[in-house]
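Undergrad: 3D, please:
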Amino acid sequence: MGIIISSLIIVSWGTHLYYCLWFFPLDFTNPLLYFHIFLQAYLYTGLFITGHEAMHGNITKSKTVNDNFGRLSSFLFAGLSYNKLLANHYKHHNNPGETDDPDFYKDSQKFIVWWAVFLFRYTTILQLITMAVIFNVLKIWFNEASIFIFWVIPAFLGTMQLFYFGTYLPHKYPHVLSMKPHNARTQNKNHLWGMLSCYFFGYHFEHHDSPGTPWWKLYKLK
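TA: Numbering: from 1, shown residues only. Take a look at the predicted model:
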């Protein structure tokens with residue numbers, strides 16, 4: 001099931017991106033344009049979460065297959081290093097909401113400030129070079145404006161969605177008693193919103209309490 005779901009997300013992301021870049025006209029008066037932007041952003045979110053599931057070994061029992069899914073998903077998302085993500089994510093689970101948590105920023109709980117620090121910590125020169133090369137390669141076949149609209153902007157929107165629902169809301173101060181021992185809160189029980197907001201990662205206490213439960217089963221722990 002993990003391989004099927006993960007493959008479906010990757011293929012859906014790639015297929016929809018190709019359709020938008022090649023076939024969908026840039027008409028800003030067309031409401032469908034914005035639907036496709038947000039749909040692509042949602043698929044970007046799913047792409048990163050697929051990489052995240054690989055970090056926890058939740059896609060399949062084969063470590064090699066897990067890591068290959070993780071590397072592919074992380075690279076397609078934004079040229080990210082799977083190994084760096086893996087190391088930092090283990091630190092996050094060992095020190096959630098604390099000073100040694102690479103995803104947490106105790107000096108400011110403002111969304112924009114924390115998000116900027118989050119991006120700075122994970123962005124590398126190699127990643128920027130890689131994305132610049134891919135952008136210029138895509139320009140060989142596709143319209144530059146379409147690449148910005150359907151490749152660049154959805155990636156940023158997906159990053160914001162992941163950060164807001166998967167890091168900021170679950171871990172921000174105050175760390176009240178109900179968040180212990182993971183310093184993680186959880187969304188109210190609404191499975192439709194849980195899925196739409198961030199693939200059930202708003203059920204974040206449940207994720208930290210059972211990291212071996214894949215995202216598509218998290219609602220069962222709620």
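
Undergrad: quick one: residues in contact with the helix or strand hosting residue 93.
TA: Taking DSSP states H and E as the criterion, residue 93 maps to helix 82-94. Residues external to helix 82-94 that are found in contact with it (Cβ atoms under 8 Å, 6 or more residues apart in numbering): 51-52, 54-55, 67, 70-71, 74-75, 100-104, 121-122, 124, 208, 211. The C-beta positions use only the backbone N, C-alpha and C, and glycine is treated the same way.

Undergrad: could you do stretch 98-115 as well?
TA: With Cβ under 8 Å, 6+ apart, stretch 98-115 has contacts from 88, 91-92, 94-97, 117-118, 121, 160, 163-164, 167-168, 171-173, 183.

Undergrad: again with stretch 17-32
TA: When contacts are defined by Cβ under 8 Å, 6+ apart, stretch 17-32 is touched by residues 33, 36, 40, 43, 138, 141-143, 145-147, 149-151.

Undergrad: in a markdown table: these, plus distance to residue 109.
TA: Shown next, in a markdown table, are those (distance: Cβ to Cβ, whole Å):
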| residue | distance to residue 109 |
| --- | --- |
| 33 | 35 |
| 36 | 34 |
| 40 | 30 |
| 43 | 30 |
| 138 | 37 |
| 141 | 43 |
| 142 | 40 |
| 143 | 40 |
| 145 | 37 |
| 146 | 37 |
| 147 | 35 |
| 149 | 32 |
| 150 | 33 |
| 151 | 32 |
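
Undergrad: just send the residues you listed back as a markdown table, with secondary structure and distance to residue 204 too.
TA: Formatted as a markdown table, those follow (DSSP: H, G, I helix; E, B strand; the rest coil; distance: Cβ to Cβ, whole Å):
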| residue | secondary structure | distance to residue 204 |
| --- | --- | --- |
| 33 | helix | 32 |
| 36 | helix | 29 |
| 40 | helix | 24 |
| 43 | helix | 21 |
| 138 | helix | 34 |
| 141 | helix | 40 |
| 142 | coil | 37 |
| 143 | coil | 39 |
| 145 | helix | 37 |
| 146 | helix | 35 |
| 147 | helix | 33 |
| 149 | helix | 31 |
| 150 | helix | 29 |
| 151 | helix | 29 |
